[in-house]
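Asker: Would you be able to build a 3D model of this:
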Amino acid sequence: MTIAQEKNQQTGICQDVIFPPGDIYSDEPPLESELHLEQIMLLLQCLKWLWRDRNDFYAAGNLTIYYSPHQRKSEFFRGPDFFVVLGCERKTRKSWVVWEE
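Answerer: Numbering: from 1, shown residues only. All right, here's what the predicted structure looks like:
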């Protein structure tokens, strides 16, 4: 008897119910895998360590970049996995807004 069968007997679920497998593919838009996220974090950590004495760059991942020529946040934007900007102040940001930099 499997754990699932044992639980079904305890909760009173009918044994005729067939549950779908737990390893089915999602129909949702693809998201990052755990490995992908770890790679982004490793890249950021390595770059920040390598340039630890510099204060003229900004590096981030999964952060929205707004770049509308009309300065509208609803018009042109992207959320790249990783990006670096040189010649700017090194500080924490909620997003990268081109016309404010």
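Asker: can you count the residues close to R54?
Answerer: Neighbourhood size, R54 [other CB atoms under 10 Å]: 10. In short, each C-beta sits where N, CA and C put it, glycine included.
Asker: was I right about it contacting R90?
Answerer: Yes. Using CB atoms under 8 Å as the test, R54 is close enough to R90 to be in contact (7.3 Å).
Asker: show me where this structure has helices.
Answerer: 3-11, 34-50 (DSSP state H).
Asker: Could you identify which of these has the lowest mean pLDDT?
Answerer: Here the lowest mean pLDDT among those goes to helix 3-11, at a mean of 55.
Asker: Contact partners for the residue nearest to the spatial centre of the chain?
Answerer: Central residue of the chain (CA atoms, centre = their mean): N62, 5.3 Å from the mean position. For N62, the contact set (CB atoms under 8 Å, 6 or more residues apart in numbering) comprises 40, 79-81.
Asker: What is the nearest of those to Q71?
Answerer: Within the contacts of N62, distances to Q71 taken as CB to CB reach their minimum at G79, with 18.7 Å.
Asker: If we ignore the residues flanking it in sequence, what's nearest that closest one?
Answerer: Of all residues not flanking G79 in the chain, T64 sits nearest, at 5.0 Å (CB to CB, 6 or more residues apart in numbering).
Asker: so how many other residues sit close to A60?
Answerer: A60: 19 neighbours (other CB under 10 Å).
Asker: quick one, what contacts it?
Answerer: Shown in contact with A60 (CB under 8 Å, 6+ apart): 44, 82-83, 93, 96.
Asker: which residues in the chain form strands?
Answerer: 57-60, 65-66, 77-78, 83-86, 96-97 (DSSP state E).
Asker: what does the fourth one contact?
Answerer: For strand 83-86, contacts defined as CB under 8 Å, 6+ apart pick out 47, 56-61, 63, 65, 96, 101.
Asker: Buried ones among those residues?
Answerer: Among the contacts of strand 83-86, those classed as buried by 16 or more other CB atoms under 10 Å are 58-61, 63, 65, 96.
Asker: Cool, thanks, signing off.
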